[in-house]
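Colleague: What would the 3D arrangement of this be:
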Amino acid sequence: MSLNIAILSRNANLYSTKRLIEAIESKGHNAIVVDHLKCDLVIEQDKPGILYKGEDLDYIDAVIPRIGASVTFYGASVVRQFEMMNKFTAVHSQALVRSRDKLRSLQILAKSGVGLPKTVFTNYSREVNKLIDSVGGAPLIVKLLEGTQGYGVVLAPTKKAAQSIIEAFHSMKARVIVQEFIKESKGADIRAFVVDGKVVGAMKRQGKEGEFRSNLHQGGSGSLIRLSKQEREAAKTAAQAMGLPIAGVDMLQSERGPLILEVNSSPGLEGIEKATEKDIAGVIARFVINKTQELKDKPVRRRKIKSNA
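Modeller: Model (predicted):
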């Protein structure tokens, strides 16, 4: 029986969205692109629902969220509504929200035991010098908590520059984290793509000359890399700790082993597929189809809510 799989995406022409459509349809199922910002949520005890351009989406069997960082609030609400309707979601709404909170993510990752760069978060502290010293001094990295794709990330080469940058952000009431600079990474990082607890592809991203940020959006280039056992385990542990069955795990190679930078809940497919020449979209589609069919074979159990009266 054919499944109806919704891809929550604002643009059907994006590479990742198109590849997922191709992968789903090649396996004999129906792919429906749904702009999550155009969904109306019907919140009802017995029959929660979603209306999309006047159409009831109850016929959807599974959902693959591709939610942009700027619309996390409403996007996660739509995913949560599908969960209330007992539909399989490739990424859980709670995990999606958690992954977009840089500070919370770092706290969860630290507790899981994976390696991290030394990081400090402060509530506009005036003890800037102590803050700088606590991550090993300059050079260091200053990151906006709300920044994405390498934007809002600044390299402070000296202690004086670090002090000025941090104070400038604080004067604007912008929340930042201060992180040690891993010089041995030489402007490169690793993106490991995890699906259902397995690393299905990995690439090394190298920043362009004179650029410390390796993001492909910032002009970086991606190439195939074979992960060490330690790097592979770190990627799987990080994705599991964040509760993400599909994740892009970014890490640095350092003298003390792999250091996790971030775990992305809506990782792009273009860079990783071109670098690895692997059908990552196909792996995601297969995972979603298998899990949805497993869910359909199980009887639905509604949780009973106990009264406090």
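Colleague: which residues sit in contact with Ala285?
Modeller: By Cβ atoms under 8 Å, 6 or more residues apart in numbering, the contact list for Ala285 reads 5, 20, 23-24, 26-27, 29. From N, CA and C alone the C-beta is placed, and that goes for glycine too.
Colleague: what's the answer for Thr119, then?
Modeller: Neighbours of Thr119 in contact, by Cβ under 8 Å, 6+ apart: 106, 135, 177-180.
Colleague: One more pass at 6 Å, please.
Modeller: Going by Cβ atoms under 6 Å, 6 or more residues apart in numbering, Thr119 touches 106, 177, 179.
Colleague: Could you do Ala6 as well?
Modeller: 32, 34, 60, 63.
Colleague: Just the buried subset of the contacts of Ala285, please.
Modeller: 5, 20, 23-24, 27, 29 (16 or more other Cβ atoms under 10 Å).
Colleague: quick one: pLDDT of the nearest residue to Glu146 once chain neighbours are set aside?
Modeller: Using Cβ to Cβ, 6 or more residues apart in numbering and skipping the chain neighbours, the partner closest in space to Glu146 is Gly152 (6.9 Å). Turning to Gly152, the model gives it a pLDDT of 79.
Colleague: Tell me which residue is most central in this structure.
Modeller: Asn264 (1.7 Å; Cα atoms, centre = their mean).
Colleague: Pull the contacting residues for that one.
Modeller: Gly248.
Colleague: change it to 8 Å
Modeller: 99, 247-250.
Colleague: Now, those that are in helices?
Modeller: Among these, the members falling in helices are Ser99 (criterion: DSSP state H).
Colleague: Need the max-distance pair from the contacts of Asn264.
Modeller: Ser99 and Asp250 (11.8 Å; Cβ to Cβ).
Colleague: Overlap in contacts, the two.
Modeller: In contact with both Ser99 and Asp250: 263-264, using Cβ under 8 Å, 6+ apart.
Colleague: any weak-confidence spans in the chain?
Modeller: Counting by pLDDT under 70, the chain shows low-confidence ranges at 147-150, 207-221, 299-309.
Colleague: swap the cut-off to 50 and go again
Modeller: 303, 305, 307, 309 (pLDDT under 50).
Colleague: Please enumerate the strands of the stretch 201-309 of the chain.
Modeller: For the stretch 201-309 of the chain, applying DSSP state E, counting those that start in this stretch gives strands covering 221-224, 246-254, 257-264.
Colleague: Going along the chain, name the strands of the stretch 1-150 of the chain.
Modeller: 4-8, 30-34, 39-42, 49-52, 55-56, 62-65, 88-89, 119-121, 140-144.
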